[in-house]
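> Kindly generate the corresponding structure for this input.
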Amino acid sequence: MWKYPHYCFAALCAAAIFIALTGLSNIASSQPPKEEGAEPAAPAGQTYIGSKACSACHFKQYMSWKKTKHAKEAWESVPAKYQTNADCLKCHTTGYGAASGFKEVATTPNLVGTTCEACHGPGSEHEKACKPFLNKKQLTPEEEKIARDSIYKVLPKNVCGSCHITQSHIEHPKYEK
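Model prediction:
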């Protein structure tokens with residue numbers, strides 16, 4: 001899969017050592033930071049809504065994301081015969097394994113690839129909380145707090161590392177394309 005896997009492994013090791021030595025362990029931790037003013041937990045009971053729903057308010061970010069490998073190649077890189085493999089789906093789709101997450105392309109096409117909710121968590125309550133602000137250009141501080149408290153800025157776990165580090169450390173299984 002990688003032309004120079006030993007360089008990638010060395011780079012990951014160097015990053016881990018840097019994090020350990022600089023005290024940035026909360027970045028690699030699966031626990032949220034314990035600092036004052038830390039982001040509150042998003043509301044319970046959230047469900048996945050898909051990136052098109054996010055684009056209604058976050059169009060600029062959505063268009064930027066659409067150009068990334070997460071939007072397109074995350075799914076397209078999975079050979080057809082592996083598109084039902086749980087080991088592949090947990091990184092190449094959004095919310096796989098969750099009740100409202102990716103099931104299959106036919107029933108949950110809005111969760112194909114690594115979408116907004118892969119990093120921010122399910123967005124149903126955020127969408128509901130922010131609906132009254134849909135046509136506003138600028139939110140008041142109170143409205144901003146309502147919006148921020150209804151979804152994670154970034155999930156309180158090493159969401160990138162869950163696919164990019166833990167899966168990259170093992171040799172990718174051989175498969176027929």
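
> what's the spacing between the residue nearest to C54 when sequence neighbours are not counted and L89?
The spatial neighbour of C54 that comes closest, neighbours along the chain excluded (C-beta to C-beta, 6 or more residues apart in numbering), is C116 at 4.5 Å. Placement of C-beta: from N, CA and C, glycine included. In this structure, C116 and L89 are separated by 18 Å, where distance is defined by C-beta to C-beta, to the nearest Å.

> Just want to know which of these two has more residues nearby.
When C116 and L89 are compared on other C-beta atoms under 10 Å, the one with more neighbours turns out to be C116, at 24 against 21.

> K52 is in contact with the more buried one, correct?
No. Counting by C-beta atoms under 8 Å, no contact exists between C116 and K52, whose distance comes to 9.7 Å.

> Now the common contact residues for these two.
Residues within reach of C116 and of K52 at once, by C-beta atoms under 8 Å, 6 or more residues apart in numbering, are Y62.

> Need the nearest residue in space to G121, chain neighbours excluded.
Nearest residue to G121 in three dimensions, chain neighbours excluded: Y152, at 4.8 Å (C-beta to C-beta, 6+ apart).

> What of G95?
In space, not counting the residues next to it along the chain, G95 is nearest to G101; the distance is 2.3 Å by C-beta to C-beta, 6+ apart.

> where does the chain have its least confident helix or strand?
The least trusted helix or strand in the chain, going by mean pLDDT, DSSP states H and E, turns out to be helix 25-28, with a mean of 38.

> Name the next helix or strand downstream of that helix, please.
Remark: after helix 25-28, the chain's next helix or strand is helix 51-55, criterion DSSP states H and E.

> What is the following helix or strand past that next one packed up against?
Sequence-wise, the next helix or strand downstream of helix 51-55 (DSSP H and E) is helix 59-66. The contact analysis (3 or more C-beta pairs under 8 Å, 6 or more residues apart in numbering; DSSP states H and E) places helix 59-66 against helix 51-55, helix 116-120.

> Out of those helices, which is the most enclosed?
Compared across the helices and strands packed on helix 59-66, helix 116-120 shows the largest average neighbour count, a mean of 22 (mean count of other C-beta atoms under 10 Å).

> Output the helix or strand just after it as PDB - backbone C-alpha positions only.
In the C-terminal direction, the helix or strand that comes right after helix 116-120 (DSSP H and E) is helix 124-130. Extracted in PDB, the C-alpha atoms of helix 124-130 (Å, rounded to 0.1, in the frame of the first residue of the first chain):
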ATOM      1  CA  SER A 124     -29.400  16.000  14.600                       C
ATOM      2  CA  GLU A 125     -29.600  18.100  17.800                       C
ATOM      3  CA  HIS A 126     -27.300  20.700  16.300                       C
ATOM      4  CA  GLU A 127     -29.500  21.000  13.300                       C
ATOM      5  CA  LYS A 128     -32.600  21.300  15.400                       C
ATOM      6  CA  ALA A 129     -31.000  23.800  17.800                       C
ATOM      7  CA  CYS A 130     -29.700  26.000  15.000                       C
END
